[in-house]
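> what's the 3D shape of this:
(one chain, ligands or ions: 1)
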Amino acid sequence: MSKTEVPYKIYLTEDEMPKAWYNLRADMKNKPAPLMNPGTHKPLSAEELTPIFCEELVKQELDDTTPFIEIPDEIRNFYKMYRPSPLVRAYCLEEKLQTPAKIYYKFEGNNTSGSHKLNSAIAQAYYAKKQGLKGVTTETGAGQWGTALSMACAYLGLDCKVFMVKVSYEQKPFRREVMRTYGASVVPSPSETTDVGKKILAEHPGTTGSLGCAISEAVEVAVKNPGYRYVLGSVLNQVLLHQSVIGLEAKTALDKYGIKPDIIIGCAGGGSNLGGLIAPFMGEKLRGEADYRIIAVEPASCPSFTRGTFAYDFCDTGMICPLAKMYTLGSSFIPSANHAGGLRFHGMSTTLSQLYHDGFMEATSVEQTSVFEAAEQFARIEGILPAPESSHAIRVAIDEALKCKETGEEKTIVFGLTGTGYFDLVAYQKYNDGEMGDYIPTDEEIAASVAKLPKIEE
Ligand SMILES: *Cc1c(COP(=O)(O)O)cnc(C)c1O
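Next up, the predicted model:
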């Protein structure tokens with residue numbers, strides 16, 4: 001196909017946007033292992049999950065068999081305000097790299113949350129509203145998820161309580177103001193507003209908090225307040241389901257021009273953008289209809305896939321949440337303070353974990369300074385200031401394109417550009433000042449936290 005035939009940006013019409021989400025689990029022979037009750041070590045039933053999560057979302061969480069789940073019109077209409085998102089042909093980057101590879105990226109940063117998280121936030125808020133709830137609670141680390149949820153709740157008239165990890169609350173005051181502008185109440189975690197927060201503060205005075213602690217506080221408030229439920233922005237099957245709009249749109253756009261990718265790349269924190277981007281492609285792979293190389297990219301400082309263990313573990317540091325079978329570094333693993341805040345989770349989606357375990361995808365880890373080198377290069381050539389999380393995928397896309405330059409292969413590479421980096425300028429400042437380091441955990445550190453995994457007989 002000649003260069004002029006594929007535009008710089010492939011847009012879809014509203015009518016071409018997906019009408020149903022695709023549930024990858026339906027095509028998996030080995031299903032992801034079920035969430036387990038931490039007390040009884042038995043798979044969690046819908047009844048056990050409904051005091052915490054919205055009913056419809058529990059159904060989606062547990063549904064391993066329905067391939068397509070219709071997107072309600074209200075959600076589709078909301079999607080239309082900022083979707084379809086463009087699939088961009090990175091002609092300028094290709095030229096700069098002098099590579100025969102063809103590079104495409106799916107850009108999800110075109111909304112105020114600055115990331116793909118809005119795709120699931122609006123769905124989760126919609127089902128909460130439909131159930132007649134007053135509001136939802138959640139935690140946020142880097143802040144993108146809290147912002148996305150605040151936007152969705154403002155639109156639907158739901159109350160939104162966000163527990164924001166204290167260190168982020170203090171370091172990212174502007175994120176906090178965006179959430180407050182959308183009407184959310186934002187509480188630095190740990191706080192005096194919950195029992196678990198008080199307990200943690202008593203034990204660790206002056207602590208700057210963690211995601212695990214914020215989860216525990218958000219869950220407590222949801223369970224104790226009638227009319228509230230807890231929502232989560234990644235890791236869960238339902239989140240991957242909602243994020244399948246990314247992959248479905250990308251596939252429709254590629255199909256329009258008869259393009260078949262060779263390599264699909266995404267960054268992996270809890271796995272939601274990657275799970276969404278690859279969904280329809282992985283479906284074809286699972287059904288034996290096509291083959292793709294699929295690469296998950298994680299930070300070297302928090303390498304769940306590449307150095308973790310495939311086992312049941314807690315999703316939170318407070319050890320109150322369900323157990324999930326996943327690639328994990330252990331729930332007591334505290335990653336060093338890297339700047340890709342959205343990629344600092346110790347575990348990984350159960351769906352992606354199973355697929356990785358069964359050899360359907362690869363994973364690689366990259367160091368922080370090389371990620372920011374790629375971010376800088378991308379910003380200067382393609383114009384978009386990428387989120388540090390997204391830049392992990394950029395790094396590997398550039399590396400693969402450079403390999404093609406050596407071999408002369410004209411591979412087609414698609415990667416997920418999950419968001420923009422306007423709230424990450426402290427990280428860019430460190431990079432520009434030459435003060436950015438790379439901390440890679442030692443084998444001993446990982447072994448120590450993995451040794452504390454719960455003992456489960458399967
Ligand atoms: C949250 C986030 C991620 C990582 O989360 P996943 O669930 O792994 O997708 C990546 N990029 C951005 C911009 C994010 O906000």
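
> Show me which residues of the protein are close to the ligand?
Residues of the chain lying close to the ligand (Cβ under 6 Å from any ligand atom) are 115, 117, 144, 234, 267-273, 342-343, 387, 389-390, 418-419. All C-beta atoms are positioned from the backbone trio N, CA, C, and that covers glycine.

> Quick check: phi and psi at the residue lying closest to Phe281 once chain neighbours are set aside.
Computed as Cβ to Cβ, 6 or more residues apart in numbering, the closest residue to Phe281 that is not its neighbour in sequence is Tyr292, at 5.1 Å. When read as degrees, to the nearest 10, the backbone of Tyr292 gives phi -140, psi 150.

> correct me, but Tyr292 touches Asp262?
Yes. Assessed by Cβ atoms under 8 Å, Tyr292 is found in contact with Asp262 at 7.0 Å.

> starting at the chain centroid, how far to stretch 249-259?
Offset of stretch 249-259 from its chain centre (Cα atoms, centre = their mean, to the nearest Å): 23 Å.

> typo on my end, stretch 297-309
Using Cα atoms, centre = their mean, the offset of stretch 297-309 from its chain centre is 15 Å.

> Buried ones in that stretch, by neighbour count?
For stretch 297-309, the neighbour count (16 or more other Cβ atoms under 10 Å) marks 297-305, 307-309 as buried.

> Okay, now that stretch: how far is its last residue from its first?
With Cα to Cα, to the nearest Å as the measure, stretch 297-309 spans 17 Å from end to end.

> next one: stretch 350-365
19 Å.

> Could you pick out the buried ones from the residues of the chain next to the ligand?
When those are checked for burial by 16+ other Cβ under 10 Å, the buried set is 115, 117, 144, 234, 267-273, 342-343, 387, 389-390, 418-419.

> Tell me where this protein is predicted with low confidence.
Applying pLDDT under 70 to the chain flags residues 1-4, 317-318, 337-338, 340, 458.

> Can you pick out the most distant pair from the buried residues of stretch 297-309?
Val297 and Thr309 (19.7 Å; Cβ to Cβ).

> All the strands of the stretch 251-400 of the chain, residue numbers only.
Along the stretch 251-400 of the chain, counting by DSSP state E, counting those that start in this stretch, strands occupy 263-267, 293-299, 309-314, 323-328, 362-366.

> winner for burial among these?
strand 263-267 (a mean of 28; mean count of other Cβ atoms under 10 Å).

> Direction included, what does that one pair up with?
Paired neighbours of strand 263-267 in the sheet (DSSP bridges): strand 293-299 (parallel), strand 412-417 (parallel).

> so which of the ones you listed comes closest to Leu97?
Leu97 lies closest, by Cβ to Cβ, to one member of those: strand 412-417, at 11.0 Å.

> Pick out the residue nearest the middle of this structure.
Ser272 (3.7 Å; Cα atoms, centre = their mean).

> Quick check: Leu329 vs the ligand, distance?
Leu329 sits 15 Å away from the ligand, going by Cβ to the nearest ligand atom, to the nearest Å.

> Tell me which residues touch that residue, please.
By Cβ atoms under 8 Å, 6 or more residues apart in numbering, the contact set of Leu329 is 302-304, 307-309, 335, 346-347, 441, 446, 449-450.

> run the last query once more with 10 Å
By Cβ atoms under 10 Å, 6 or more residues apart in numbering, Leu329 lies in contact with 302-305, 307-309, 313, 335, 345-348, 441, 445-446, 449-450, 453.

> Please tell me I have it right and Thr407 contacts Ala401.
No. In terms of Cβ atoms under 10 Å, Thr407 does not count as a neighbour of Ala401; the distance is 11.1 Å.

> How about Gly266: what's its closest non-neighbour residue?
Per Cβ to Cβ, 6+ apart, closest to Gly266 is Leu274, 3.5 Å.

> Count the neighbours of the one you found for me.
Close neighbours of Leu274, defined as other Cβ atoms under 10 Å, add up to 33.

> same question, Pro34
Pro34, neighbours per other Cβ under 10 Å, totals 18.
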